[in-house]
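Student: sharing a sequence plus its predicted fold:
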Amino acid sequence: MKELLKSNLVIMVIFAVIVLTAPAWLTPIGAGYPDILQKFAISYTAVWSFKLLTMNVLPAIIFSTLMAGVFALVIGFISLRRSGIYFSILTLAFAQMSYSLAYSVLTPITNGETGLQLTLADPRVVDGMMGIPVTDSLPTTNLFGLAMSGYSGFYFCAVLLIVGFYVSLKIFRSPYGMKLRAIKSNQTRMKYTGFNTRPYLLSAFVISGMFAGLAGALMAATDPLAGAERMQWTASGEVVLMTILGGMGTLIGPLLGVGIIKYFENIFSALNESALHEVFSFLPGWLEEVMVWISHHFVGEGWHLTLGTLFMLVVIFLPGGVMEGITRLSAYLKSKFKGSDEITSEKVSEDAS
């Protein structure tokens with residue numbers, strides 16, 4: 001079984017089944033609706049593509065991914081001249097600088113506080129050349145006629161998530177990925193051996209930026225509005241939080257982190273006192289009131305408190321994130337079953353003798 005799970009094909013099949021069946025297994029916990037599913041799976045460049053060229057999402061995704069790669073190349077070239085906390089501060093500074101520029105000198109491109117959005121007056125040149133009629137209502141994003149809303153939007157995002165995971169898996173298990181892991185383990189030692197780590201760090205930075213551009217394009221494809229708040233440094237902090245919560249240095253960990261945070265953001269934040277009364281209705285009246293009073297501080301507007309508590313517990317007890325917890329649990333169960341098998345084998349041997 002262990003050797004089987006090392007196969008890329010087996011991992012991809014398992015991952016694809018989990019992602020594509022998400023509407024079924026997430027519905028019982030209240031997360032089966034398409035909007036949150038898209039966020040589980042997911043710029044200005046994309047929205048400009050919709051405004052100037054076509055409502056088809058493919059050009060928007062291609063342009064956004066490439067543009068993000070160019071920006072990542074420039075920012076990475078500068079930021080990677082420093083390491084550690086200085087590198088982190090530089091990347092956050094670039095994010096905040098972009099956020100500020102979007103509200104000031106770049107307003108003609110970003111539309112400032114209002115955000116960049118579709119209008120009836122947009123030229124959409126490619127759509128016009130293809131004879132797509134202009135209506136009195138705003139057009140919707142599509143993939144060759146397939147609307148990017150509801151479950152069709154989710155499955156489009158899900159397919160690209162699977163493709164992105166496959167690319168990441170191939171990188172992770174390639175000689176290039178092995179070098180990246182070695183640099184992550186001890187960059188100083190790699191430099192002492194005469195290995196030039198900078199090209200690898202920059203290429204990893206660009207790949208990361210292109211994945212972020214793809215995610216931004218998918219967000220714009222399902223909701224064609226680009227606001228400057230998506231460039232604020234707190235957005236970068238949220239990605240870091242997802243990674244730490246799920247498990248750094250793993251492929252599945254960050255995805256688990258995304259799922260946990262988006263579930264809290266969309267489900268816990270929607271719980272109110274009436275919903276809590278239904279949850280604790282089986283308790284005696286006085287105890288029900290006490291439990292509702294305690295719980296309502298951790299749900300609804302207080303969901304950040306629950307997430308902060310969870311993050312603190314993970315950092316203290318599971319530095320490797322949720323994936324470390326899964327690894328520990330797997331090792332514990334394996335030792336238990338192995339011990340049980342050894343006892344059974346000894347008993348059989350004693351009975352035979």
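Tutor: Arrived safely. Numbers count the residues shown, from 1 in each chain.

Student: need the helix or strand of this protein with the lowest average pLDDT.
Tutor: helix 34-41 (a mean of 45; mean pLDDT, DSSP states H and E).

Student: after that one, which helix or strand is next? Please name it.
Tutor: Scanning forward in sequence from helix 34-41 by DSSP states H and E, the next helix or strand is helix 44-52.

Student: next one: that following helix to chain centre, how far?
Tutor: In this view, helix 44-52 has its centroid 22 Å away from the chain centroid, taken as C-alpha atoms, centre = their mean, to the nearest Å.

Student: with stretch 175-184 instead?
Tutor: Here the centre of stretch 175-184 is set off from its chain's centre by 22 Å, with C-alpha atoms, centre = their mean.

Student: do stretch 324-340 as well
Tutor: Per C-alpha atoms, centre = their mean, the centroid offset for stretch 324-340 relative to its chain is 28 Å.

Student: which positions in that stretch come out as buried?
Tutor: Going by neighbour count (16 or more other C-beta atoms under 10 Å), the buried part of stretch 324-340 is Glu324, Ile326. C-beta coordinates here come from the backbone N, C-alpha and C atoms, glycine included.

Student: can you list the low-confidence ranges for this protein?
Tutor: Within the chain, the stretches with pLDDT under 70 are 1-7, 25-42, 339-353.

Student: just give the nearest non-adjacent residue to the residue nearest the centre of the chain, would you?
Tutor: Of all residues in the chain, the one closest to the mean position by C-alpha atoms, centre = their mean is Val258, 4.7 Å from it. Once flanking residues are discounted, Val258 sits nearest to Met242: 5.1 Å by C-beta to C-beta, 6 or more residues apart in numbering.

Student: that older thread, my read: the residue nearest to the centre of the chain touches Leu245, true?
Tutor: No: using C-beta atoms under 8 Å, Val258 is not in contact with Leu245, being 9.0 Å away.

Student: hey, where'd the helices end up in the stretch 201-350 of the chain?
Tutor: 233-246, 252-266, 273-279, 285-295, 303-317, 321-352 (DSSP state H, counting those that start in this stretch).

Student: in CSV, list the C-alpha atoms belonging to the first one.
Tutor: Below are the C-alpha coordinates for helix 233-246, written out as CSV (Å, rounded to 0.1, in the frame of the first residue of the first chain):
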residue,chain,number,x,y,z
TRP,A,233,-0.9,42.8,2.8
THR,A,234,-3.5,41.0,4.9
ALA,A,235,-4.5,38.9,1.8
SER,A,236,-0.9,37.7,1.7
GLY,A,237,-1.1,37.0,5.5
GLU,A,238,-4.2,34.9,4.9
VAL,A,239,-2.3,32.7,2.5
VAL,A,240,0.6,32.3,5.0
LEU,A,241,-2.0,31.4,7.7
MET,A,242,-3.5,28.7,5.4
THR,A,243,-0.1,27.2,4.7
ILE,A,244,1.0,27.1,8.3
LEU,A,245,-2.4,25.7,9.5
GLY,A,246,-2.4,23.0,6.9
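
Student: contact partners of it?
Tutor: Helix 233-246 has contacts (C-beta atoms under 8 Å, 6 or more residues apart in numbering) with 91-93, 95-96, 99, 212, 229, 252-258, 260-261, 310-311, 314-315, 321-323.

Student: can you do 7 Å?
Tutor: 91-92, 95-96, 253-258, 260-261, 311, 314, 321-323 (C-beta atoms under 7 Å, 6 or more residues apart in numbering).

Student: among the residues you listed, the buried ones, what's the ChimeraX command?
Tutor: Only the buried entries of these go into this ChimeraX selection, using 16+ other C-beta under 10 Å:
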select :91,92,95,253,254,255,256,257,258,260,261,311,314,321,322,323
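
Student: quick check: the gap between Ser208 and Tyr200.
Tutor: 12 Å (C-beta to C-beta, to the nearest Å).

Student: kindly report the same for Leu245.
Tutor: Taking C-beta to C-beta, one finds Leu245 at 26 Å from Tyr200.

Student: neighbour count: the two, which is higher?
Tutor: A direct count of neighbours by other C-beta atoms under 10 Å for Leu245 and Tyr200 places Leu245 higher, at 25 against 17.

Student: got the contact list for the closest residue to the more buried one other than its chain neighbours?
Tutor: Among residues not flanking Leu245 along the chain, Gly257 sits closest, at 4.1 Å (C-beta to C-beta, 6+ apart). Gly257 makes contact with Met242, Thr243, Leu245, Gly246 under the criterion C-beta under 7 Å, 6+ apart.

Student: any idea how many residues pack against the second one?
Tutor: Summarising burial for Thr243: neighbours were counted as other C-beta under 10 Å, giving 17.

Student: and the last one, by the same measure?
Tutor: Applying the criterion other C-beta under 10 Å, we find 25 residues in the vicinity of Gly246.
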